[in-house]
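**Student:** Fold the following.
(one chain, ligands or ions: 1)
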Amino acid sequence: MQELPVVSLGDIMSIYTNYLSGVRPDGGHHDEKISAHVAIVGSGPTGCFAALAMLKCVPEVRITVFEARPTPYGLLRYGVAPDHQGMKNVTRQFERLFGSNQVEFVGNVRIGQDLPFEVLQENFDFVVIATGLPSERALPVPVHPGAKVWGASQLLRYLNADPDSDLRTRETVELGDSVLIIGSGNVAMDVARLLAKSDEGFDGSDVDDAAREALAPSKITRITLLSRSPYEQVRWDPSMFKELCSIPGVEVYLDGRRSTEETDTSSGPTRHQPLRVEVFFNQKLREIDLQEDNAYDNQLIVRTQNGTSDAHLSAESPKTSFRASAVIAAIGFEERRIGFGEVPADNVLRTGGCATGRLGNLAENRALAKQTAQLVAAKVGKQSELTGLAGVAPFLTQTPVSFSDWKAIDEAEITRARPGRIRQKFTSWSEMSDVVAQTRS
Ligand SMILES: Cc1cc2nc3c(=O)[nH]c(=O)nc-3n(C[C@H](O)[C@H](O)[C@H](O)COP(=O)(O)OP(=O)(O)OC[C@H]3O[C@@H](n4cnc5c(N)ncnc54)[C@H](O)[C@@H]3O)c2cc1C
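**Tutor:** Residues are numbered from 1 along each chain as shown. Model prediction:
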């Protein structure tokens, strides 16, 4: 959402200036004593956990959370599987966070683009960078340019109704009858489960039904997962594997043998079409090509070599070919530091994936965020000399989205949910902009 032509930038800025000078937009007053103004860049789980922890350990702190998108919560909204609402419910804690008069959400402002990073440094006592790890790792093998090969997080973004998902602009995204997933971690399990479940299996979720329909998962008869490591070293959680095995109508095989996982498949919605899920271990990916003969139109050939580790592979190692109509790569995120270069100042802290080079799960990122808050607590003075958000407002080139704007979007999505779903997300920024416009007018 780039433009919000409803309230002028000047109006928005005066709201923020009033807020910072002691009058909140709701007319209430807050304490003048401010120990530190903290800017957090990124409203994903790590940024929100950091703000929550700071409220506990930094007295009289004022926090502004800047977010590039109009919507908060990062991958919690657009990455975590839509049928795992228990996980997504952590947003309830974050809602309470933004209800605090010490915390402000400034959405639709990309730091480094809509607001220079240096302006944050000049106006805030501390800047915490919590921008996550946005880039999926590329497959390290030759891939035919015509092959239908997508990253797992693109698929998850699509099913989570992300307006910016690459798949949204493709002419056809139908997956065909056999999907091959590269990887054996939890995201690979998410992909397999989401494609295996029947429509009714998504009751109580906020999946994008139009995206599911376009992918046509009901036509899939075989899902193959290729694990580079041996069975003993798979990275999926046992509970994730069990969940997959529990889907009625799904049969899971490990290296050709029927899984002995004890599950109850007597209840729950059954797939209309039986599905075979096969996992093969010790598979080192070599190449993804298009099938040359005409017998299998648009089919892909995935070639691997078999060995327990790279050290055990040689030209003589056995080779295997797998046929698939689409390939989903679930091999993780790029391990690199991103954004704003290497900022040397000691009032700038990085936390979460952009600090460690690993995306990590929610629990890991919560722990990192807590450590960051403690670092701020150790350095904070008695009284801030800076103005925080009021100081940066004149530099904003975008109309920001406030937390109450977001709540209007949130409520509209819940209101328009179809039966069996808890919300229907908007799939374009302009629809969200319209909701905000109506609420503000
Ligand atoms: C497909 C998938 C499924 C997952 N499932 C689970 C699960 O079941 N359980 C679990 O524990 N974890 C899961 N995770 C991991 C979880 O999503 C991450 O631990 C968590 O999202 C990391 O939070 P973060 O805030 O560091 O990054 P993000 O969630 O990526 O948030 C970063 C935020 O920073 C914003 N941003 C970036 N650059 C700027 C900028 N310049 N200016 C302003 N804002 C900016 C982004 O827009 C984004 O909102 C999953 C991840 C994926 C990809």
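**Student:** Next, name the residue at the spatial heart of the chain.
**Tutor:** Central residue of the chain (C-alpha atoms, centre = their mean): L75, 2.0 Å from the mean position.
**Student:** what sits against that one?
**Tutor:** By C-beta atoms under 8 Å, 6 or more residues apart in numbering, the residues touching L75 are 44-45, 132, 153. (Glycine included, C-beta is placed from N, CA and C.)
**Student:** Just flag the most distant two among these.
**Tutor:** Using C-beta to C-beta, the two most remote members of those are P45 and S153, lying 15.1 Å apart.
**Student:** Of these two, which one has the most company?
**Tutor:** Shown here are P45 and S153; by other C-beta atoms under 10 Å, P45 has more neighbours (29 against 26).
**Student:** Let me see the contact set for the more buried one.
**Tutor:** Counted by C-beta under 8 Å, 6+ apart, P45 has contacts 73-76, 90, 94, 352, 362, 365-366.
**Student:** Same question for A214.
**Tutor:** Going by C-beta under 8 Å, 6+ apart, the list of residues near A214 reads 172-174.
**Student:** go again using 10 Å as the cut-off
**Tutor:** Contact analysis of A214 by C-beta atoms under 10 Å, 6 or more residues apart in numbering lists 158, 167-168, 170, 172-175, 208.
**Student:** wait, is it part of a strand?
**Tutor:** No: looking at A214 with DSSP: H, G, I helix; E, B strand; the rest coil, it is helix, so not inside a strand.
**Student:** Which residues of the stretch 251-400 of the chain lie near the ligand?
**Tutor:** 339, 352-353, 359-362, 365 (C-beta under 6 Å from any ligand atom).
**Student:** ok, and which of the contacts of L75 reach the ligand?
**Tutor:** Restricting these to contacts with the ligand (C-beta under 6 Å from any ligand atom) yields 44-45, 132, 153.
**Student:** Restricted to helices, list those.
**Tutor:** Residues of these located in helices (DSSP state H): 45, 153.
**Student:** Nearest residue to the residue of the chain found nearest the ligand in space, please, no chain neighbours.
**Tutor:** Distance from the ligand to each residue of the chain (C-beta to the nearest ligand atom) is smallest for G44, at 2.0 Å. Leaving out its chain neighbours, the residue that sits closest to G44 by C-beta to C-beta, 6 or more residues apart in numbering is G74, at 2.5 Å.
**Student:** Tell me if I'm right that that neighbour and P134 touch.
**Tutor:** Yes: under the criterion of C-beta atoms under 10 Å, G74 makes contact with P134 at 9.4 Å.
**Student:** right, and the helix or strand after the lowest-mean-pLDDT helix or strand in the chain?
**Tutor:** Lowest by mean pLDDT, DSSP states H and E among the helices and strands of the chain is helix 9-20, with a mean of 48. Using DSSP states H and E, the helix or strand that follows helix 9-20 towards the C-terminus is strand 36-41.
**Student:** Check which helices and strands that next one sits against.
**Tutor:** Secondary-structure packing of strand 36-41 (3 or more C-beta pairs under 10 Å, 6 or more residues apart in numbering; DSSP states H and E): helix 45-57, strand 61-66, strand 103-106, helix 117-123, strand 126-129, strand 348-350, helix 362-379, helix 389-392.
**Student:** Out of the ones you listed, which gets nearest to R257?
**Tutor:** helix 362-379 (33.0 Å).
**Student:** Mind listing the shared neighbours of G74 and P134?
**Tutor:** A68.
**Student:** of those two, who's got more company?
**Tutor:** Each of G74 and P134 has its neighbours counted (other C-beta under 10 Å); G74 has more, 24 against 16.
**Student:** E118: neighbour count?
**Tutor:** 14.
**Student:** cool, and S165?
**Tutor:** The local packing of S165 (other C-beta under 10 Å) involves 23 other residues.
**Student:** go on, V80?
**Tutor:** V80 has 21 neighbouring residues, counting by other C-beta under 10 Å.
**Student:** what's the pLDDT at it?
**Tutor:** pLDDT for V80: 97.
**Student:** correct me, but it touches K88?
**Tutor:** Yes: in this structure, V80 is within contact of K88 by C-beta under 10 Å, at 5.7 Å.
**Student:** joint contacts of these two?
**Tutor:** Here V80 and K88 have 73, 160 as joint contacts, going by C-beta under 10 Å, 6+ apart.
**Student:** Most neighbours among the contacts of P45, which one?
**Tutor:** Neighbour max across the contacts of P45 (other C-beta under 10 Å) = G352, 29 neighbours.
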